[in-house]
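Asker: coords please:
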Amino acid sequence: MYIEAVPNRNSPPAILLRESYREKGKVRKRTLCNLSDWPAAYIEGLRGVLKGGTVIPAERDAFTVIRSLPHGHVAAALGTARRIGLARILSPDGNRYRDLILALLIGRILDPVSKLAAARALSPATAASSLGGVLGLGEVDEDELYQALDWLLQRQPAIEATLAKRHLSNGTLVLYDVSSSYMEGRCCPLAKRGYSRDGKTGTLQIIYGLLCAPDGCPIAIEVFEGNTADPMTLAGQVEKLKRRFHLDHVVMVGDRGMITQARITENIAPAGLDWITALRAPAIRALLDSGALQLSLFDQRDMASITAPDFPNERLVVCRNPDLAAERTRKRGDLLAATERELARIQAAIARKRDPLRGTAAIGLAVGAVINRYKVAKHFDLNIAETAFSFARKTAEIAAEAAVDGIYVIRTSLPAETFDDATTVRSYKSLACVERAFRCIKTVDLHVRPVYHWLADRVRAHVFLCMLAYYLEWHMRQRLAPMLFDDTDKEVAETLRASVVAPAQRSPAAVTKQTTGQTGDGLPVHSFRSLLADLATLVRNTVVTAITPHHPLTVLTRPTPVQHKALTLLGVTL
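Answerer: Predicted coordinates:
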């Protein structure tokens, strides 16, 4: 380490504490801290210590570390937020609410906690990382964080419009899907009983719909009452695209339960938008019964384009995935066998001599419990009497359902000249990006649930905050992909795929990363979470010297090769 005076054009020279090191045979240097505000006598005293001089008694420590805070992951996330312009999107500089929101969304990536715990983690006396200090927040209390959430909700329309302008354009795909999260307590007016995607039966929940760009980058999110049906959320999204985002024409991509015929007729078509969705099983069977769909199409192919009178001015792309067909056949067989075993036990209970099961009501309740568990009641003929019970498989219906195993039909208003069959299928499958976003927001990284807020607007602000956190995480993952298990050679992986209908393949480079656990330059491969944990070991030390006990300086630990590579990929300097 050494002290260097760096000339400034219109101000006195900056006095910097620096360190030199070698990298790939070249001598480089990094700045450890700025000593410009130190008295000249203190600087000379430190210079003497660095040169090996004796300026303090031998029994006293030359340097004392008085505080160490994890910093590398903070620098990575905050540096990326500034690099992609997220801070400017939130608000201009100098706004404390903006800095608090920035701290909250970065905190959700680093360590998602409650607002009370976040306030403690940001305050100087109880800081869990360098985040509060780097942003210069000082003391933070939870009431101030709630006020910042209220401020964020008011800014949501403007922020989403900016994101849409940056990532969407006329003619582009817009991915849309919904999910749900359970609530704690009963006071929030948005919390209702509905279909729980969390598997938390008996709890109140909220619904939220997420709009994404074609590459999966999140654009906008909206919260609905927990008993709102999926298609009922679509009208607001069409209005948002047309009125707030000023997009005259886009292609809405949604699953079969989202973009229904009613939504197409009442919302999408009148707005002049195109769509890509899929047909439900009854509609596929109707195509078979009418002859519009011939199973012989798949004797030598796995994809075909057809038309049908029931879908005028539309194109249907029929696909057959043999792997999916085999899995559905296996699953159906397992469920049928499990149901038969349980029903046989009920027959045994009726036939036993001691305390036999009697009565149509009691037998019916027992049978209902079994068929409701395995969801295959439609495949059985049931005959319940006072002292007897029999069942049999509906072989004809089972065979009819098995005939369409692995077949799915994508429905679109786009002509083949605009989107060929392969592009249409690929576009529909891009909905997996939204599912990936929900996994990150709900469970893997950001933990939107459980939701403890009671006020409806606070719940909306909390969900929007989590979406912004995922927006930042999405950009970080894109840049850190060479160090993660992600496949960075998608073009090669696509060439290994037999067809767009076949399961996706991983490129040889991705397989090598996964099997060896090393990147191409010999560094260990990480998951996103483990890489953040590694970066957190780069700490920010507050140090005092014996000759300057009242002038603490900040010194960062030297980055490891993994940390240096990660920060370089993110374009972040310490």
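
Asker: so where's this structure uncertain?
Answerer: By pLDDT under 70, the low-scoring segments of the chain are 49, 52-62.

Asker: centroid-wise, who is the farthest residue in it?
Answerer: When each C-alpha in the chain is compared with the mean C-alpha position (CA atoms, centre = their mean), K353 comes out farthest, at 57.7 Å.

Asker: L455 touches A191, doesn't it?
Answerer: No: if you go by CB atoms under 8 Å, L455 and A191 don't touch, sitting 11.4 Å apart. (C-beta placed from N, C-alpha, C; glycine too.)

Asker: now whichever strand or helix holds I43, how far from the centre of its chain.
Answerer: Assigning secondary structure by DSSP states H and E places I43 in helix 40-50. Centroid separation for helix 40-50 versus its chain: 51 Å, with CA atoms, centre = their mean, to the nearest Å.

Asker: next SSE after it?
Answerer: Sequence-wise, the next helix or strand beyond helix 40-50 is strand 63-70, with elements assigned using DSSP H and E.

Asker: so which residues make contact with that next one?
Answerer: Surrounding strand 63-70, the residues in contact under the criterion CB atoms under 8 Å, 6 or more residues apart in numbering are 127-130, 133, 536-546, 552.

Asker: equivalent analysis for stretch 488-496, please.
Answerer: A481, P482, D487, A504, Q505, R506, S507, P508, A509, A510.

Asker: list the residues that contact K442.
Answerer: Each residue near K442 by CB under 8 Å, 6+ apart is listed here: S179, S181, D198, V448, R449.

Asker: reformat these as a markdown table; add secondary structure, distance to C187 and neighbour count.
Answerer: Below are the contacts of K442 laid out as a markdown table (DSSP: H, G, I helix; E, B strand; the rest coil; distance: CB to CB, whole Å; neighbours: other CB atoms under 10 Å):
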| residue | secondary structure | distance to C187 | neighbour count |
| --- | --- | --- | --- |
| S179 | strand | 22 | 22 |
| S181 | strand | 16 | 28 |
| D198 | coil | 20 | 15 |
| V448 | coil | 18 | 23 |
| R449 | coil | 17 | 21 |
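
Asker: dihedrals phi and psi, T554?
Answerer: Its backbone dihedrals place T554 at phi -110, psi 130, with angles given as degrees, to the nearest 10.

Asker: what pairs with the residue lying closest to it once chain neighbours are set aside across the strands?
Answerer: The shortest distance from T554 to any non-neighbouring residue, by CB to CB, 6 or more residues apart in numbering, is to C33 (5.1 Å). In this structure, C33 has beta-bridge partners L17, where bridges are defined by DSSP bridges.

Asker: thinking again about what came up before, can you list the buried residues in the helix holding I43?
Answerer: Of the residues in helix 40-50, I43, G45, L46, R47, V49 count as buried by neighbour count, 16 or more other CB atoms under 10 Å.

Asker: closest to P322 among those?
Answerer: Taking CB to CB as the measure, P322 lies nearest L46 of these, at 72.5 Å.

Asker: how close does the closest one get to A40?
Answerer: 11 Å (CB to CB, to the nearest Å).

Asker: try R9
Answerer: Shown here: R9 relative to A40, a distance of 22 Å by CB to CB.

Asker: now do F224
Answerer: In this structure, F224 and A40 are 65 Å apart, going by CB to CB.

Asker: in JSON lines: the contacts of K442, plus distance to A416.
Answerer: As requested, the contacts of K442 are arranged in JSON lines below (distance: CB to CB, whole Å):
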{"residue": "S179", "distance to A416": "33"}
{"residue": "S181", "distance to A416": "40"}
{"residue": "D198", "distance to A416": "40"}
{"residue": "V448", "distance to A416": "40"}
{"residue": "R449", "distance to A416": "42"}
